[in-house]
Structure formats: structure tokens, C-alpha cells
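A.B. asks: 3D model of this:
(one chain, ligands or ions: 1)
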Amino acid sequence: MLKSVNPSRTDAWKKLSEHFKSMEFVQMQHLFAENADRVNDFHVKWNSLLLDYSKNKVTAETMKLLLDLANEVDLKQSIEALFTGDKINVTEDRAVLHTVSRDFSQQPIFVDGEDVSKEVYKTREKIKLFSNDVISGRYLGATGKAITDVINIGIGGSDLGPKMVVEALDNYSNQLNVHFVSNIDDDYLFPLLAKLNAETTLVLVVSKTFTTQETIENAKHVKAWLDSNIIGSVEQHFVAVTSANQEAIAFGIKETNIFPMWDFIGGRFSLWSSVGISISLALGYDNYERLLKGAYQMDTHFRQSDFDQNIPVILALLSVWYNNFYQYETEAIVPYSSLLRSLPAHLQQMIMESNGKDKTREGQPVNYQTGTLIWGEVGATAQHAFFQLFHQGTKVVPIDFIGFIKPFHDKDKTNHDILMSNFFGQTEALLKGKRGRKRQEGELEMLRNFRDFEGNKPTNTFLFEQLTPETLGQIIAMYEHKTFVQGIIWNIFSFDQFGVEYGKVLAKNIQEEIKSKKVSEHDCSTSFLINYYLSN
Ligand code: F6P
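C.D. replies: Numbering: from 1, shown residues only. Okay, here's the model as predicted:
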């Protein structure tokens, strides 16, 4: 069970508040000038990753106090509770075991007296056999043709994670084309269907609850499309990933084509479970397993490393330092690889749905800030979009720079070297700023003010050897654990999502009103808008 400790009442927090007074206006440039070896004190080398966090507004004292905070809220014991299947998702009375779905230790994990790891291994085997069959052409469509295209219908965690991974590992993909349909948007779905051949298309309906309206409505459309092309083909062309078997069977999906989802894996952490079947189909099972193994390596690092060398713990503490003391509200994630273009969107859901909470673990309002706003875009593209605000705006945004030493296509590294020069150059510029530029002839003195900027903007630099299935698994698991640590420190429950669920209920009610054209009592703005929609 997780302890409930108000972080703002801990000794460490009080000391951090005192310490902040001496840190608030410290310039990182001075910290670097005082200690030419600063990078040695603030970096971690682990596996194929080098994390340099020296360009942050911290001293050895800051890190010590932050580590004290982690200890005071009993982080070690909380990590054990996570890995050993305690029901730490208290509000939903569930264990939180996405780590089991990428576990390779063969150790049993008990939930309510049952070893859930057995079911996990069995399901992995089923994913392996099924994806091998589809890829090799042993599994055929209803008219005897091999599958060429897969549509993954799902939303939120049933879409963002797998979609991001399939894009990111495009260089590893086989001949199957995987398409992702999440939004309820005919303007997207129908043009996609028009391009596909029903005879060679496999449809995955991915929904833990099998009630999410966007997913089920899209699935109905695709079912009708299939039926209109090949009568009676649904059984052979549909697969479900769900914990609601009966609903999937009622939809027309045969039992052997249903892959399980379990209570103990939350949607936003589910790409490691059967939800990842689209990944296995796109990349082949072996690459899918390499992804899981990368995550498993990060799990082991997180569970076993001392906190001062523990990457997710360090990242979480830095983030708490900025969020709760400097009051910086957002964090940006900028991967220098176009293949990772959907990483910010996946992390947005994972982090903001987890830690967007305003009640303590005792159900009381928190008296401090919790979840940060997450956003980002691929570098160098982002440099030409929003980096100007990072350099000279009035808001400070701590940024994660994620880069790779080797590109996948490495015959000529010229472009990669240019990309990485930008990567290094930006963190340097953000640190140092620019001052004392010489006045050009005839230039007004005042113009110098516009061209000078102070720097002192915090960044973390992640340098991986190469974007492989293993490193991608490590990156995702690293952010998952960072998020977990933050939730522990903020004394919130990170694994429910009642806010989004309420939105789903309201949408359903309004849908009925639109259907019947009878608008019931809302606030005047909402009634006005629905009536306007109906009258046009
Ligand atoms: O967005 C809310 C949410 O409940 C997410 O947590 C989840 O990933 C998504 O909806 C989809 O839910 P389901 O897999 O049940 O369709």
C-alpha cells in the first residue's frame, strides 16, 4: 500500500523552499564557470544512454535535498509496491502491472492469489503465433488472399502508443501496412477505406472496455464496408483486443480472434500488452519482443539503481523542482528524429492523464502544483516553429533533447551531423544566451538590446546510440517511471482517469439530444451551441 505523505510538510520540502531562495536567480552560466567539471557531477551513463543533466538550475545541495524528499515520501517502498502487484490503483481497486507485460524474469506475480505472469506469457505466445501466421501468409482473408493491410481502430492508449512505435521503427517494418484510425471522423475514415482492398485487410478493434464510442462506431463502419465487399467475412477479418469478451463476440468477432486486456494494465500503459499486436504485425514479433526487452532493462534499472544514479528518479526530481519551486508549468520534449514525431503526443496522454489530479491520496485538495503540461515536436523542425519563445520569451520551459549518435541509414552521415550540430547548438545557446555583441557600423546602440538574450534556460540531453526497438522501449519506460515517481511525490493517484470518463458520459447524453432534436437543460452557452448546430 502507498503511504500518504503531504510532500509540502516534509523536512526536505521545507529545506528545499529555503534553498530555493538562494537558487532562484542563480545563473547556470555561473555554475559552469565555478566548476569546469560540472558535467561530471551531473550525468549518468547507462546502457546505450548518456543523460547529461548539468544544464539545470541545480547544485549538489539541490540534488541532495531532492533525494531526501524522495526518501521521505518512501519512494523505494512505493517502487516495490508497483512491481510486486500491490493494488496501488486504489480508486479502481486494481494492481498496476504494465511492467509484467514486458517482464522476462519468469518470476510469478500474484494478484488476488493468482499468478498473473502465466497469462501474460501465454498471451505473448498467442501474439507471436498470430502475427507470424498473418505476416507469412498462413492466415488468409475470407477469399483466400494474404493480408496486406491492417487497420487498428482504437483511441487514447489503444492508439497513441502503438501508432508512435510503428512510426518510430518504420525502418524495421515488414511488408504489412498498418493504418491507425482513432478519431470519429468520416473525412479521415472513408478516404482510407477507399484506398484499401477488403479482401486483404485485417481489422483490429482495440478497446479495453469495448464501449468507447469513437472506437465502436468506427468499427461498425468498417464492418459494414467489409460486409458490403465480401458477405460474411467479418469473422475472418476482425480481431479484438479487449477485456470485454462478450461484447466483442456480440459484435461478431470469433473467440479465437480475441486477445485479452487485463484490469491491471491501464490504457496509457498498454502498448506492452495485446494492444501492441499492431506493432508485432508491422515489425514482426522479434522486433516487438526487442521493444519489450528494452523496457524490461529500464524496469530493472529503475527498480535496482540507487536514486542518485537512477534516471527516471533524477528526471522526476528535476521536474518537481521546476514545477513546485520555480513554478514552471510546462515541459517540452524534442526528439531529434522525425521517426519520433508522435512521441510527444503519446507522452502527453501518458503523463497528463496520469498526473492531472488535484486530490491527495486521502481525497483532499492538494495545496501545491501537480502534473505538468507536456508538449513538443521534432527537432530541428521545432527550432523554426516555437524555439524563439524558449530563447527570448518570458516563460521558462525546461526541455528534453533526445538525440541519437548513429542514424539508421549511415552510408553518408552528413545530414545526421548537421541535425546533431543543431541539437548540441541549441542546448548551448539556451544555456549561454548571447551578450555583448559588437555594434555594427551605423547600428543603433538600442538594437543591441534586441539581439542580446540571457540564456539560463534548463535542458536535459539524452544521447542514445541508435533508435532501435530496445532504445525505444527504454525511452518509453523511462518516462513511465518518471511519471510514477512524480505521482508518488505529489501524493496523488496516477492510475485513474475519472475526468475523461465524465466527458464520455456527457457526449453520450448530448448525442441522444441531437438525435431526438430535443435539447435538455444545460448551461446557456452549451444549449445555445447545440441549438445552433441543430438549426443549420
Ligand atoms: O481517454 C480515456 C480513456 O479511458 C483512456 O484511458 C483509454 O486509453 C481510452 O479512453 C480508450 O479506452 P478503451 O481502450 O476502453 O477503448
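A.B. asks: where does the stretch 301-450 of the chain have low pLDDT?
C.D. replies: 437 (pLDDT under 70).
A.B. asks: could you rerun that using 80?
C.D. replies: The stretch 301-450 of the chain contains residues with pLDDT under 80 at 436-448.
A.B. asks: from it, which residue is nearest to the ligand?
C.D. replies: The nearest approach of the stretch 301-450 of the chain to the ligand comes at Glu353, 5.8 Å away (Cβ to the nearest ligand atom). For glycine as for every other residue, the C-beta is placed from the backbone atoms N, C-alpha and C.
A.B. asks: and that residue, backbone torsions?
C.D. replies: Dihedral pair for Glu353: phi -70, psi -30, per degrees, to the nearest 10.
A.B. asks: run through who's touching the helix or strand containing Phe423.
C.D. replies: Taking DSSP states H and E as the definition, Phe423 sits inside helix 414-432. For helix 414-432, the external contacting residues (Cβ atoms under 8 Å, 6 or more residues apart in numbering) are 28-29, 32, 55, 336, 379-380, 383, 387, 390-391, 399, 401, 403, 405-407, 410, 455-459, 461.
A.B. asks: so which of those are in strands?
C.D. replies: 399, 401, 403, 405-406, 459, 461 (DSSP state E).
A.B. asks: now those residues in a markdown table, with neighbour count and distance to Glu445?
C.D. replies: Below are these laid out as a markdown table (neighbours: other Cβ atoms under 10 Å; distance: Cβ to Cβ, whole Å):
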| residue | neighbour count | distance to Glu445 |
| --- | --- | --- |
| Ile399 | 24 | 32 |
| Phe401 | 23 | 35 |
| Gly403 | 22 | 39 |
| Ile405 | 13 | 44 |
| Lys406 | 13 | 47 |
| Thr459 | 23 | 32 |
| Thr461 | 21 | 36 |
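A.B. asks: now for those residues, which pair is the farthest apart?
C.D. replies: Ile399 and Lys406 (22.9 Å; Cβ to Cβ).
A.B. asks: follow-up on the earlier one: out of the contacts of helix 414-432, which end up buried?
C.D. replies: By neighbour count, with 16 or more other Cβ atoms under 10 Å, the contacts of helix 414-432 hold 28, 32, 55, 336, 379-380, 383, 387, 390-391, 399, 401, 403, 407, 455-459, 461 as buried.
A.B. asks: can you pull out the helices in the stretch 101-250 of the chain?
C.D. replies: For the stretch 101-250 of the chain, the helices defined by DSSP state H, counting those that start in this stretch occupy 116-136, 160-168, 186-195, 213-229, 234-237, 245-251.
A.B. asks: packed most tightly, which of those helices would that be?
C.D. replies: Burial of the helices of the stretch 101-250 of the chain is given as mean neighbour count (mean count of other Cβ atoms under 10 Å); helix 160-168 ranks first at a mean of 25.
A.B. asks: who's in contact with Lys254?
C.D. replies: Glu235.
A.B. asks: how close does it sit to Asn229?
C.D. replies: 19 Å (Cβ to Cβ, to the nearest Å).
A.B. asks: how about the contacts made by Lys438?
C.D. replies: So Lys438 contacts nothing (Cβ under 8 Å, 6+ apart).
A.B. asks: what of Leu192?
C.D. replies: 151, 179, 181.
A.B. asks: repeat that with 10 Å
C.D. replies: Contacts for Leu192 were tallied using Cβ atoms under 10 Å, 6 or more residues apart in numbering; they are 149, 151, 179-181, 222.
A.B. asks: which element is Val396 on?
C.D. replies: Per DSSP H and E, Val396 falls between elements, in no helix or strand.
A.B. asks: could we number from 186 for the rest of this?
C.D. replies: New numbering, starting at 186: the last item is Val581.
A.B. asks: buried residues in stretch 485-505, which are they?
C.D. replies: 485-487, 490, 492, 495-505.
A.B. asks: same question, stretch 709-721
C.D. replies: So for stretch 709-721, counting by 16+ other Cβ under 10 Å, buried means Ile715.
A.B. asks: from the ligand, how far out is the nearest residue to Leu378 once chain neighbours are set aside?
C.D. replies: Nearest non-adjacent residue to Leu378, counting by Cβ to Cβ, 6 or more residues apart in numbering: Trp410, 5.2 Å away. Counting by Cβ to the nearest ligand atom, to the nearest Å, the gap from Trp410 to the ligand is 21 Å.
A.B. asks: before we move on, what about Leu282?
C.D. replies: Taking Cβ to the nearest ligand atom, one finds Leu282 at 16 Å from the ligand.
A.B. asks: what pLDDT does the nearest residue to that residue once chain neighbours are set aside get?
C.D. replies: Spatial nearest neighbour of Leu282, excluding adjacent residues (Cβ to Cβ, 6+ apart): Phe449 at 4.2 Å. Among the per-residue scores, Phe449 shows a pLDDT of 96.
A.B. asks: what about Ile464, how many residues nearby?
C.D. replies: Number of residues near Ile464 (other Cβ atoms under 10 Å) recorded here: 30.
A.B. asks: list the helices and strands the helix or strand hosting Thr485 packs on?
C.D. replies: Using DSSP H and E, the element containing Thr485 is helix 470-489. Counting contacts by 3 or more Cβ pairs under 10 Å, 6 or more residues apart in numbering; DSSP states H and E, helix 470-489 packs against strand 228-231, helix 260-268, helix 301-321, helix 345-353, helix 462-468, helix 496-505, helix 654-674.
A.B. asks: at 8 Å what do you get?
C.D. replies: Judged by 3 or more Cβ pairs under 8 Å, 6 or more residues apart in numbering; DSSP states H and E, the packing partners of helix 470-489 are helix 260-268, helix 301-321, helix 462-468, helix 496-505, helix 654-674.
A.B. asks: please identify which of those is closest to Ser343.
C.D. replies: For Ser343, the closest of those is helix 462-468, at 9.8 Å, according to Cβ to Cβ.
A.B. asks: isn't Phe638 right up against Thr579?
C.D. replies: No: the pair Phe638 / Thr579 is not scored as a contact, 11.6 Å apart, by Cβ atoms under 8 Å.
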